[in-house]
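Enquirer: This is a predicted model, with the sequence first.
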Amino acid sequence: MGKSLDFEFIHENKCKRAVLLFHGMTGSPYEMKKMGKALFDADFDVFCYCLPGHGTSPINIKTVRWQDWYDDSVLHYKELTQKYDEVYLGGLCLGAVLAIAIAQEYQNVRGIVSLSTTLFLDGWTIPWYNFFMPIGVHTILRYYYSFPEREPYGLKNETLRRKIAALQKRNTEALDNYPMSCIYELLKFSKQTQKNIAKVTAPILLMHAKEDDLTSTKSAEFVYRNISSKTKNYIKLENSYHLIVMDYERDYVFEKSIEFFNSLSDFSPEKTKQFSQQEKVGV
Amino acid sequence: MIEFSQMTKIVQTLRHLSLVLLIVSNFLLIAGFVAGKIVLHKTEDAIKFFARFSVGICTLFVIYFVSILCFSIVCLFSQNALCSLIFPVFLFLPFVIGKFSTYEKVHFYTNIQIVTLVISLAIALLIL
């Protein structure tokens, strides 16, 4: 099931730039599909694969470690770097952390779009008994406990919210709960990423909703403050929750991502146009 | 000023109270883990049930840890250094077990957790 959720949008004529997208924790490539289509229409080849443990049975997610997510993502990234001149990374939630972690290790990442970066779980829907988290996470209890997913399901858009709630019942495109063991792996991964944050030199665009229900803007601000990238932009969204690629401002998110990637690319439509005009004039 | 005899009385009361608390929380933890182990794979999709169950176990763990700490400190004052050495081990064991556990071996590690709780309960009962 997991593999069938993967998508690859490839142009017929050989494209020189690709975007590798990563979905969020307990999500699937389904949530990135609209962004993928928007990027494809903007002349990028787009790839998004189901992360290990995701998109199959809820039990599978309890068996994976953060290294599995990272290794799988690096593998896809390396494959793309063999085929394309420019490879960009984009991710939502856990996917954003993955994109940043890859950029820490591989300096040839052309650019990152980091959406709803999740380094700290401190959003407003985190339950009141969150202070028990250290006990729950670090003992055997993490295999028993799951945070039940509940309203607003990361969405401010109520129509979409109902659709997502229905999808979560199927437990494939998205899970209806966050297993504590998965949160444990995410937190370990986040800690690791925080430690090496200064290694990131790739240009980055951070977008985060002010009212993110899962993780506050603290995560994006931490990345923005501590990375070594010379080109770094941070946009706070006013009318979305966690799933900014599906919520009210999704078109704005897509537009800004395309604009950002194009500004870094040597093959953007404007630059290609300029280049061909210069050739005609004989410069 | 508190007299020596009064001080001894306070220490004794604290010791007794923390020990009783330890025994009760210990017993409930064992019962909770056994129940969790039996029910876990039968009602895997009962997310809300397990959320409440885990919050309950966490609360018991907090009580268990606090009572161990209190008891160990009080034991130092009542010149029972052995107790104040043995019990803190049980404070760390759940985290050590948690560190090594995996989902594939969750039953095995739950059994180890239960065994350590039974041992601490037995020692506490012996002291009582």
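Expert: Everything's here; your move.

Enquirer: For residue 98, give me its contacts.
Expert: No chain in the question, so chain A it is. A:Phe22, A:Leu51, A:Trp69, A:Tyr70, A:Ser73, A:Gly91 (CB atoms under 8 Å, 6 or more residues apart in numbering or on different chains). Bear in mind the C-beta positions are built from the backbone N, C-alpha and C, glycine included.

Enquirer: that's the other chain; I wanted chain B
Expert: Per CB under 8 Å, 6+ apart, neighbours of B:Gly98: A:His138, A:Thr139, A:Ile140, A:Leu141, A:Arg142.

Enquirer: By neighbour count, which of these wins?
Expert: When neighbours are counted by other CB atoms under 10 Å in any protein chain shown, A:Leu141 leads those with 28 neighbours.

Enquirer: low-scoring stretches of chain B, by residue?
Expert: B:1-2, B:40-47 (pLDDT under 70).

Enquirer: Pull up the residues of it that are close to chain A.
Expert: Neighbours of chain A within chain B, by CB under 8 Å from any CB of the partner chain: B:36, B:40, B:44-45, B:47-48, B:50-51, B:53-55, B:57-59, B:61-62, B:94-95, B:97-99, B:101-104, B:106, B:109-110, B:113.

Enquirer: For chain B, state which of the contacts of B:Gly98 is nearest.
Expert: A:Thr139 (4.0 Å; CB to the nearest CB).

Enquirer: thinking A:Cys93 is in contact with A:Thr118, fair?
Expert: Yes - the pair A:Cys93 / A:Thr118 is scored as a contact, 4.7 Å apart, by CB atoms under 8 Å.

Enquirer: As a check, name the ranges of all helices in the stretch 51-200 of chain A.
Expert: In the stretch 51-200 of chain A, the segments counted as helices under DSSP state H, counting those that start in this stretch are A:66-83, A:94-105, A:133-138, A:158-170, A:180-195.

Enquirer: what does the shortest one contact?
Expert: This points to helix A:133-138. Under CB under 8 Å, 6+ apart, the answer for helix A:133-138 is A:121, A:141-142, A:145, A:180, A:183-184, A:187, B:54, B:58, B:61-62, B:94-95, B:98-99.

Enquirer: Could you check the angle the helix or strand that contains B:Leu85 makes with helix A:180-195?
Expert: If you go by DSSP states H and E, B:Leu85 is part of helix B:81-100. Angle of helix B:81-100 versus helix A:180-195, following axes from the mean of the first three to the mean of the last three CA atoms, to 10 degrees, is 90 degrees.

Enquirer: Only the buried residues of helix B:81-100, if you could.
Expert: B:Cys83, B:Ser84, B:Ile86, B:Phe87, B:Phe90, B:Leu93, B:Pro94, B:Ile97, B:Gly98 (16 or more other CB atoms under 10 Å in any protein chain shown).

Enquirer: Stretch B:96-113 too?
Expert: Neighbour-count burial for stretch B:96-113, counted by 16+ other CB under 10 Å, picks out B:Ile97, B:Gly98, B:Ser101, B:Tyr103, B:Val106, B:Tyr109, B:Thr110, B:Ile112, B:Gln113.

Enquirer: Restricting the selection to alpha carbons, write it to PDB.
Expert: C-alpha atoms of stretch B:96-113 as PDB (Å, rounded to 0.1, in the frame of the first residue of the first chain):
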ATOM      1  CA  VAL B  96      16.800   1.500  31.400                       C
ATOM      2  CA  ILE B  97      14.200  -1.000  30.200                       C
ATOM      3  CA  GLY B  98      12.600   1.700  28.000                       C
ATOM      4  CA  LYS B  99      15.900   2.400  26.400                       C
ATOM      5  CA  PHE B 100      16.400  -1.200  25.200                       C
ATOM      6  CA  SER B 101      12.900  -2.100  24.400                       C
ATOM      7  CA  THR B 102      11.500  -2.500  20.900                       C
ATOM      8  CA  TYR B 103       8.000  -2.900  19.600                       C
ATOM      9  CA  GLU B 104       8.800  -6.500  18.300                       C
ATOM     10  CA  LYS B 105       9.800  -7.500  21.900                       C
ATOM     11  CA  VAL B 106       7.300  -5.400  23.800                       C
ATOM     12  CA  HIS B 107       5.800  -8.400  25.600                       C
ATOM     13  CA  PHE B 108       9.300  -9.500  26.700                       C
ATOM     14  CA  TYR B 109      10.200  -6.100  28.000                       C
ATOM     15  CA  THR B 110       6.800  -5.600  29.700                       C
ATOM     16  CA  ASN B 111       7.500  -8.900  31.500                       C
ATOM     17  CA  ILE B 112      10.900  -7.600  32.700                       C
ATOM     18  CA  GLN B 113       9.200  -4.400  33.800                       C
END
